[in-house]
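Visitor: using only what follows, build the 3D model:
(chains A and B)
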There are 2 protein chains.
Amino acid sequence: MSDIRYDFGSGRSNPETFPVADLQAAAVRVIAEQIEELNDYPGKLGFAPLRRAMAQRESEREKVAVDPDHIVLTNGSMQAVTLAGEALAAPGDPIIVEEYSYPGTLSAYRSLGLEMSGVPLSADGMRLDSLEAELHRLQQAGRPAKFIYTISTYQNPTGFTMPKQRRLQLIEIARQFDVPIVEDNCYADVYYEGELQPAIYALDDDPRHIYICSLSKILAPGLRLGYFLARPPMLEKLLARRHDAGSNTLAAAIVAEFYRDGVWQHTRYGNEALLVKRNLVLSALEAELTDLCVWSKPEGGLFVWVRMPDDVDRTELWRRTQADGFAYLPGAAFHYAGENVPYLRLAFGHLSEAQIRDGIPVLARCLRECRTSNEPMQHTSLFARD
Amino acid sequence: MSDIRYDFGSGRSNPETFPVADLQAAAVRVIAEQIEELNDYPGKLGFAPLRRAMAQRESEREKVAVDPDHIVLTNGSMQAVTLAGEALAAPGDPIIVEEYSYPGTLSAYRSLGLEMSGVPLSADGMRLDSLEAELHRLQQAGRPAKFIYTISTYQNPTGFTMPKQRRLQLIEIARQFDVPIVEDNCYADVYYEGELQPAIYALDDDPRHIYICSLSKILAPGLRLGYFLARPPMLEKLLARRHDAGSNTLAAAIVAEFYRDGVWQHTRYGNEALLVKRNLVLSALEAELTDLCVWSKPEGGLFVWVRMPDDVDRTELWRRTQADGFAYLPGAAFHYAGENVPYLRLAFGHLSEAQIRDGIPVLARCLRECRTSNEPMQHTSLFARD
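Guide: Numbers count the residues shown, from 1 in each chain, chains lettered A, B, ... in the order given. Alright, predicted model coming up:
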């Protein structure tokens, strides 16, 4: 494999807006001021000032009251995703995910032995007719789904946001089938444009739902700071699965100090820079691939989801792009059952503008070279089986 | 409960020797220099410079070569303890622990549904005749033990260190019964006096053994930095259970920078201060309780293990010490089956000298007041059923 010059693969944060000076100042302060806390175990909930800051973040975004003692800091959102899977289901149990979803989640649930059903997607999120049919099928089979995992806002990888009306319908279906919702909202604050949609937990106070969020997308994944929001007794049910004595106080204290006036100022600053990159990706795709591919125009998040013609040799595409220094994640990585679907995901948050501008034409050339026919464009929609 | 003025309960590190200025300087450097790493996911192994520093720590202590790629950073040693339990055993499987052991481990393995057998202890560690008998019993019953968990150096709570000769015998027994050893060496570098004993992994290169260590005791638990050392394929077996996308890069990078010249200078400095506290605890016990109790004189670690007369009303002792502002952990917390044994553990690392000096007489008075007879001292040994 040659060196990767255009790494559209991993969903990293933007190093250009990493707040070096502010984090340095925060670190200097908390190392001196939090000596007692740093020399103690954090406890299962985690460093209280950061839980308060995240409760404030949630209640400011969602306009609902959030109790900081219902927020639990985790080692990235992935620990929360895993705890939810362990607490709600046992090996062999069926659960519901979106047909395309975050590979970290799919890998964790696969490893826990959960049997995933993937609900087909539309531009508005899970197709609720399919969801209902699958829940019904499982119920009839005497093996009801143990939970529904959904990324409803700026979904990874597809970029959709589920509108409020459909969220309310989803909540209603979950209630009918008596199944909790695990809501992964990690991308929500990476906002560019469009109407904000409320989180599911803000629309439904069913205490069985679990809400998951993170600082990896609005600050940096190397901090490993995620959290979940759950109410008793679900809160205790998740905590009972936790055996690591709590999340990093040093990172939590530095970040709590950094966000002492709230998360929005730095988040807005970061989003402005990311929007420029998103626009660059979209205009480069427009210039290069309009005749061949369709792709998402996400109103937030760090990814563009590209549907390529079915006649592209996808093994060859992977080989050729790697050889030309271009990396992406293939559709199969996101498919709930690992199916080799004709999609790819482009992550752009950490790339320079030059890398985006120079990289997309490399992808476009490789895509054309890997076609096995001369058919005109095959798909006009990102999701429909057209 | 009144305010606790003398908290001999939790095993915290010493805030007095917490290296504030050096950690501040390290934080300022790494936040500026590790921008790329901080904006990326750490990966399952964790931040490479800290893995190299810990490989150096191990190979300097044990005089054996240690491959940094066999070291995996974890969210405190407890994540490693849990991963080992998950990788080596399934719910219902029998495992071996020391009769008295670390409550975090006992709680994790209980939660995983493992069936613990507790091997009686002597001043030299696990009684190997009892170990052999229990392994034999389990084997005969068709349910062989899945692993042996041992804290062989400055054991928590009892303070013993297993001599090299007995370690070799333990290794031989493990080989005979074909059972891996999970070695928890978290306290090893909190050294005061006596002969250093080699770690089990340095005496036996059976690739199924798992070694666990931590920075919580020589630096601070709020950093949540532990690690395990395992060789393939055991390494992959543990990594397959990990779903949190890796340990905190920020904390790891700060600590790697802090230890850039090795761990020993700060460790020695910390141990000198801890030795003063250990000596204070021992001399206060000597002054107050010689006629009534026996206790460990640990050559390292953060704990003194006290055996009290059987006729102390232990429920009343807990109530009375709490009311008088004195906290400890009762023997039952350390017993593998939760039995209410007549012991208590005193943790001293984080206490001031004044707290130690003023606290032990409070404990002594409460102990005397909670006796239900006037018998003379009942025990002359810390372990023997005399």
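
Visitor: next up, the contacts around the closest residue in space to A:Leu229 that isn't next to it in sequence.
Guide: Distances taken as Cβ to Cβ, 6 or more residues apart in numbering or on different chains place A:Tyr211 nearest to A:Leu229, at 4.1 Å, with adjacent residues excluded. No exception for glycine: its C-beta is placed from N, CA and C like everyone else's. Contacts of A:Tyr211 were listed using Cβ atoms under 8 Å, 6 or more residues apart in numbering or on different chains, and they are A:183, A:185, A:199-201, A:228-230.

Visitor: what do you get for A:Val263?
Guide: Neighbours of A:Val263 in contact, by Cβ under 8 Å, 6+ apart: A:53, A:56-57, A:189, A:218.

Visitor: same check, this time on A:Glu86
Guide: Counting by Cβ under 8 Å, 6+ apart, A:Glu86 touches A:112, A:241.

Visitor: ok but it is inside a helix, no?
Guide: Yes: assessed by DSSP: H, G, I helix; E, B strand; the rest coil, A:Glu86 belongs to a helix.

Visitor: and it, what pLDDT?
Guide: pLDDT, A:Glu86: 96.

Visitor: and it, how close does it get to B:Arg241?
Guide: Distance from A:Glu86 to B:Arg241, counting by Cβ to Cβ, to the nearest Å: 11 Å.

Visitor: tell me what the residue nearest to A:Leu229 is bridged to.
Guide: A:Glu183, A:Leu229 (DSSP bridges).

Visitor: okay, now the unreliable bits of the stretch 1-150 of chain A?
Guide: Scanning the stretch 1-150 of chain A for pLDDT under 70 picks out the ranges A:1-2.

Visitor: hey, where'd the helices end up in it?
Guide: Ranges of helices within the stretch 1-150 of chain A are A:20-33, A:35-38, A:48-62, A:76-88, A:103-111, A:128-140, based on DSSP state H, counting those that start in this stretch.

Visitor: between these, which gets nearest to B:Phe8?
Guide: Closest to B:Phe8 of the helices of the stretch 1-150 of chain A is helix A:35-38 (Cβ to Cβ; 16.3 Å).

Visitor: what residues does the stretch 1-150 of chain A put near chain B?
Guide: A:10, A:12-15, A:18, A:20, A:23-24, A:27-28, A:31-32, A:34-42, A:74-76, A:78-79, A:81-82, A:104, A:107-108, A:111 (Cβ under 8 Å from any Cβ of the partner chain).

Visitor: make a ChimeraX selection of whichever of those turn out to be buried.
Guide: ChimeraX command restricting the residues of the stretch 1-150 of chain A next to chain B to the buried ones, with burial defined by 16 or more other Cβ atoms under 10 Å in any protein chain shown:
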select /A:12,13,14,15,18,23,24,27,28,31,34,35,37,38,39,40,41,42,74,75,76,78,79,81,82,104,108
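
Visitor: which residues in the stretch 201-350 of chain A form strands?
Guide: Along the stretch 201-350 of chain A, counting by DSSP state E, counting those that start in this stretch, strands occupy A:210-214, A:225-229, A:294-295, A:303-307, A:326-327, A:329-330, A:343-347.

Visitor: ok, residues contacting the second one?
Guide: What it means is strand A:225-229. The set of residues external to strand A:225-229 that reach it, using Cβ under 8 Å, 6+ apart, is A:46, A:50-51, A:54, A:58, A:66, A:70-80, A:83-84, A:186, A:201, A:210-216, A:219, A:238, A:247-248, A:251-252, A:255.

Visitor: just want the residue of the stretch 251-386 of chain A that's nearest chain B.
Guide: A:Ala251 (4.7 Å; Cβ to the nearest Cβ).

Visitor: contact partners for A:Pro298?
Guide: By Cβ under 8 Å, 6+ apart, A:Pro298 lies in contact with A:154, A:159-160, A:192, A:278, A:304-305.

Visitor: of those, closest to A:Asp291?
Guide: The closest of these, once distances to A:Asp291 are taken by Cβ to Cβ, is A:Val304, at 17.4 Å.

Visitor: what residues are bridge-paired with that closest one?
Guide: On the basis of DSSP bridges, A:Val304 is bridged to A:Leu346.

Visitor: next one, pLDDT for it please.
Guide: A:Val304 is assigned a pLDDT of 98 by the prediction.

Visitor: isn't it right up against A:Phe348?
Guide: Yes: contact status for A:Val304 versus A:Phe348: in contact at 7.0 Å, counting by Cβ atoms under 8 Å.

Visitor: next, show the common contact partners of those two.
Guide: Residues touching both A:Val304 and A:Phe348 by Cβ under 8 Å, 6+ apart: A:278, A:281.

Visitor: more neighbours: these two, which one.
Guide: Comparing A:Val304 with A:Phe348 by other Cβ atoms under 10 Å in any protein chain shown, the one with more neighbours is A:Phe348, at 26 against 23.

Visitor: contact partners for that one?
Guide: Contacts for A:Phe348 (Cβ under 8 Å, 6+ apart) come out as A:8, A:274, A:277-278, A:280-281, A:302-304, A:356.

Visitor: recalculate using a threshold of 10 Å.
Guide: By Cβ atoms under 10 Å, 6 or more residues apart in numbering or on different chains, the residues touching A:Phe348 are A:8, A:11-12, A:14, A:274, A:276-282, A:301-304, A:355-356, A:359-360.
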